[in-house]
Structure formats: C-alpha cells, structure tokens
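J.: From the sequence below, what's the structure:
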Amino acid sequence: MRIFAPRTLLMSAMAADRRFSYNGLKNFNGYGTKTPFLIGVAGGTASGKSTVCSRIMEKLGQDEIDHRQRQVVCISQDSFYRELNPAESIKASKGLFNFDHPDAFDNPLILKTLQDILDGRVCKIPVYDFKTNSRKLDEFVTIYPADVLLFEGILVFYFPEIREVFHMKLFVDTDADTRLSRRVLRDIRERGRDLEQVLAQYTTLVKPAFEEFCLPTKKFADVIIPRGADNTVAIGLIVQHIRELLNYRNGNGLQQQRNREIALQQQQAQLDENGRSDQARR
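T.: So this is what the prediction gives:
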C-alpha cells in the first residue's frame with residue numbers, strides 16, 4: 001500500500017512532534033483550534049471521492065448523528081454548478097456542455113460558502129438536478145457549524161483562492177478504466193443518460209478536461225490516496241488524524257499530550273541517571 005505525502009508528515013506522527021504548540025489550545029498543526037478544519041478532497045470523475053468521504057464519516061460515527069449536531073460535515077463541489085444560459089442548456093441536453101471545465105462552477109459562491117463555514121455561520125447550499133442540468137428552485141441544504149469540513153470535487157484545487165482555504169488537501173488517485181466504468185454506471189442509473197451519450201461525452205469532454213485541469217492539481221495534494229475507498233489503511237490514518245484534531249478541539253487531547261511529554265522527560269531523566277551511575281562505577 002502506498003500513501004504519498006509530498007509536503008507533510010502523515011497523520012498521527014504530527015501530534016508527537018515536540019514543535020507542537022500547546023499554548024491555550026491555540027494551535028493544532030498550524031491552525032487555530034477554534035477555526036473549522038477544512039479538508040479538500042480532489043480527484044478525477046468517479047475516482048471515489050464521495051465514497052472516501054462517506055467512509056470517513058462512517059468511521060467517525062458522524063453518519064448516525066443529527067446533521068445539526070455533527071462535528072464533521074461533507075459538501076460536494078457538484079452542488080455549485082452554475083446556472084446555464086439558454087444556449088448552454090440546449091448543449092447540455094445533448095451532452096455537449098463540458099461540466100468538467102472550471103468555468104462550469106459558481107466559484108464565487110464556493111469561496112463565500114467556505115468563508116462562511118470558517119466564520120462559523122450557518123450556510124445554505126444549492127441542490128443541483130443533473131437530469132434537468134439546473135438548480136432546484138427554492139431547495140437548499142443547510143450546513144450547520146462544525147469542527148471539520150470535507151469538501152470534495154474534481155476541481156477543488158484548481159483555483160488558487162479556493163485551494164488556499166484548505167488546511168489539508170487529499171487527492172484520490174484511481175486508474176482511468178475504473179473511473180470510466182463507474183462514470184458509465186452512475187450517469188445511466190442516477191442521471192438519466194444513455195450509454196452512447198455517456199461514452200461520447202467521456203471521450204470528447206471528460207477525459208481531455210481531466211488531463212488538462214484536474215490531473216495537474218495532484219501536485220498540490222498533501223496526501224495522495226491510491227485506489228480510493230479501497231485503500232482502507234489510508235482512510236484509517238486520515239480518520240485517526242481527524243479524531244486527534246477533534247480531541248484537541250474538545251480539550252481532551254491537551255492533557256494526553258502533556259502526559260506524553262512528562263513520560264518522555266521521565267524516561268530521559270532515567271537514562272541520564274543510569275548514565276551517571278555507569279560512569280561512577282567505572
């Protein structure tokens with residue numbers, strides 16, 4: 001199993017780093033503990049991003065908690081497709097509009113939503129209907145303040161102003177054949193598309209867009225997860241990190257960390273004492 005961490009020491013080892021700041025629970029891995037921790041989850045279409053997020057939510061027991069009381073919430077970039085003009089709507093109905101292009105998203109709304117979450121505000125996000133290629137009128141999902149946000153989507157790292165908001169960036173790396181088969185099944189079952197349209201759209205729009213816009217953002221990831229949701233070890237490490245983070249948010253982790261520091265100091269003192277005793281005997 002391979003987990004790549006280009007710019008960060010992975011998961012729980014960070015909590016044991018002696019450079020860690022304990023001062024009044026003000027800092028955890030470089031961010032204020034009173035600020036929601038934002039995790040971006042990128043990857044190609046049908047790579048398993050939403051499944052990875054679901055597994056994380058399940059392992060943390062968040063899927064069984066009332067959505068108004070969850071400590072961890074998940075949002076999809078798919079909710080932020082912008083409204084199409086009449087000409088674009090016609091193209092979309094024929095499978096000719098590129099929903100994998102950066103211009104397909106309402107990026108100002110994404111940025112505002114993320115900032116509202118950072119500020120601890122209640123947010124309302126649109127509900128997108130993939131059968132009509134439009135937002136559902138007067139229908140929203142309410143996002144309540146939480147400690148951790150998972151924000152998943154194909155291009156969540158593409159725009160610098162959005163990418164820089166995340167405290168941690170994950171990239172779900174799944175091979176092209178697997179992504180294609182998943183995309184075909186999903187679009188036929190859930191989005192009312194026919195096989196010919198899905199394949200044509202994939203070869204002419206989806207695949208080129210992945211190579212041009214999504215794949216280059218892989219270099220911004222702190223952690224790359226091969227095989228997506230099948231990589232249970234990687235998901236377990238991420239869950240462990242989030243648990244530690246939540247402990248520090250709740251104040252439970254500070255004493256544990258101090259206890260570890262005291263234990264290390266005692267061990268070092270014992271080693272020093274043993275060393276002095278050895279020298280005295282000589």
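J.: which sections of the stretch 1-150 of the chain are below the confidence cut-off?
T.: The stretch 1-150 of the chain contains residues with pLDDT under 70 at 1-34.
J.: For it, which segments count as strands?
T.: Assigned by DSSP state E, counting those that start in this stretch, the strands in the stretch 1-150 of the chain fall at 37-43, 72-76, 123-129, 134-143, 148-152.
J.: Quick one: residues in contact with the first one.
T.: When contacts are defined by Cβ atoms under 8 Å, 6 or more residues apart in numbering, strand 37-43 is touched by residues 28, 31, 49, 52-53, 114, 117-118, 147-157, 163, 165-174, 214, 217-218, 221, 228, 242, 245. Where you see a C-beta, it was placed from the backbone N, CA and C, and this is true even at glycine.
J.: Of those residues, which count as buried by neighbour count?
T.: Among the contacts of strand 37-43, those buried by neighbour count (16 or more other Cβ atoms under 10 Å) are 28, 49, 52-53, 114, 117, 147-157, 163, 165-174, 214, 217-218, 221, 228, 242, 245.
J.: Among those residues, which lie within helices?
T.: In helices, judged by DSSP state H, the following of the buried ones among the contacts of strand 37-43 are found: 49, 52-53, 114, 117, 163, 242, 245.
J.: Count the residues that sit near Ala104.
T.: The local packing of Ala104 (other Cβ atoms under 10 Å) involves 20 other residues.
J.: let me fix that: Glu164
T.: So Glu164, with other Cβ under 10 Å, has 9 neighbours.
J.: Got the phi and psi for it?
T.: phi -70, psi -10 (degrees, to the nearest 10).
J.: hang on, isn't Thr107 packed against Tyr158?
T.: If you look again at residue 107, you'll see it is Asn, not Thr. No - judged on Cβ atoms under 8 Å, Asn107 makes no contact with Tyr158 at a distance of 9.0 Å.
J.: Check the offset of stretch 194-204 from the chain's centre.
T.: Centre-to-centre, stretch 194-204 and its host chain are 28 Å apart (Cα atoms, centre = their mean, to the nearest Å).
J.: Please identify the buried residues of it?
T.: Buried-residue list, stretch 194-204, by 16+ other Cβ under 10 Å: 198-199, 201-202.
J.: Out of those residues, which sit inside helices?
T.: Going by DSSP H, the helices hold 198-199, 201 from the buried residues of stretch 194-204.
J.: Tally up the residues packed near the closest residue to Phe97 other than its chain neighbours, please.
T.: Leaving aside its sequence neighbours, Phe97 sits nearest to Lys91 (Cβ to Cβ, 6 or more residues apart in numbering; 4.2 Å). When neighbours are defined as other Cβ under 10 Å, Lys91 has 15 of them.
J.: quick one on the thing from earlier: now render the ones in helices among the buried residues of stretch 194-204 as TSV, adding pLDDT and distance to Thr178.
T.: Shown next, in TSV, are those (pLDDT from 0 to 100; distance: Cβ to Cβ, whole Å):
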residue	pLDDT	distance to Thr178
Val198	86	15
Leu199	90	16
Gln201	88	18
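J.: thought Asp129 was touching Arg135?
T.: Yes - under the criterion of Cβ under 8 Å, Asp129 lies in contact with Arg135, with a separation of 7.1 Å.
J.: So those two - more neighbours on which side?
T.: Between Asp129 and Arg135, counted using other Cβ under 10 Å, Arg135 has the larger neighbour count: 19 against 14.
J.: Would you mind stating the distance between Gln265 and Tyr248?
T.: To Tyr248, Gln265 is 21 Å away according to Cβ to Cβ, to the nearest Å.
J.: Give me the more crowded residue out of the two.
T.: Comparing Gln265 with Tyr248 by other Cβ under 10 Å, the one with more neighbours is Tyr248, at 23 against 10.
J.: so how far is Gln197 from Ile125?
T.: 28 Å.
J.: List the buried residues for the helix or strand hosting Leu180?
T.: Using DSSP states H and E, Leu180 falls within helix 176-190. Under the neighbour-count criterion of 16+ other Cβ under 10 Å, helix 176-190 has 178-180, 182-184, 187 buried.
J.: is it possible to export these to TSV including distance to Asp100?
T.: Shown next, in TSV, are these (distance: Cβ to Cβ, whole Å):
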residue	distance to Asp100
Thr178	17
Arg179	12
Leu180	13
Arg182	15
Arg183	10
Val184	15
Asp187	12
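J.: No further queries at this time; thank you.
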